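Peer 1: below is the sequence, then the predicted model.
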Amino acid sequence: MEFETGMENLTSACDGACDCSPDPALLADFKRAIHALGGKWKLEILFALMDGAVRFGALRRSIGGITQHMLTTQLRELEQDGLVSRTAFAEKPLRVEYELTDAAYGLLPAFKEILSWSRLYGDARLAASHEA
């Protein structure tokens, strides 16, 4: 998929006479996506849910270091943004499961690209830090 970001101009020398700012509509779309995915835990939560529905406790255990309060907050935001769905089962004790929506499954190609990028550049960064 090819599209112009408006950032192509930033690679050329700009003498101040050109408009080097990105397309405002494209920038707004990008900001909306970053807001929906931004936060210390959201990407880890989404990644943990990639294999299907998970109960709250299991999800919390799978993400080391997250507090119950923070997980609840991040899940609510992801639910409001249409990326996670919450299902409460009328059982005693109450059983609640979280799973990705179709919109979130649309992120799978992006996750694969991020993993590829991390394998390619993460190793180089790690090697550079050991050489220093």
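Peer 2: Thanks, I have it.

Peer 1: where does pLDDT dip in this protein?
Peer 2: In the predicted model, the chain carries pLDDT under 70 at residues 1-19, 124-132.

Peer 1: helices along that one, start to end?
Peer 2: With helices called from DSSP state H, the chain shows them at 24-37, 42-48, 56-62, 68-80, 102-105, 108-117, 123-131.

Peer 1: quick one, which of the ones you listed is packed in tightest?
Peer 2: Comparing those by mean neighbour count (mean count of other Cβ atoms under 10 Å), helix 42-48 comes out on top with a mean of 19. Where you see a C-beta, it was placed from the backbone N, CA and C, and this is true even at glycine.

Peer 1: list the helices and strands that one packs on?
Peer 2: Applying 3 or more Cβ pairs under 8 Å, 6 or more residues apart in numbering; DSSP states H and E, we find helix 42-48 packed against helix 24-37, helix 56-62, helix 68-80.

Peer 1: and residue 109, which of those helices is closest to it?
Peer 2: The minimum distance between residue 109 and the helices and strands packed on helix 42-48 falls on helix 24-37, with 13.8 Å, by Cβ to Cβ.

Peer 1: before we move on, back to that, is it possible to get JSON lines of the helices and strands packed on helix 42-48 that adds distance to residue 118?
Peer 2: Listed next are the helices and strands packed on helix 42-48 as JSON lines, based on distance: least, Cβ to Cβ, whole Å:
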{"stretch": "helix 24-37", "distance to residue 118": "16"}
{"stretch": "helix 56-62", "distance to residue 118": "19"}
{"stretch": "helix 68-80", "distance to residue 118": "21"}
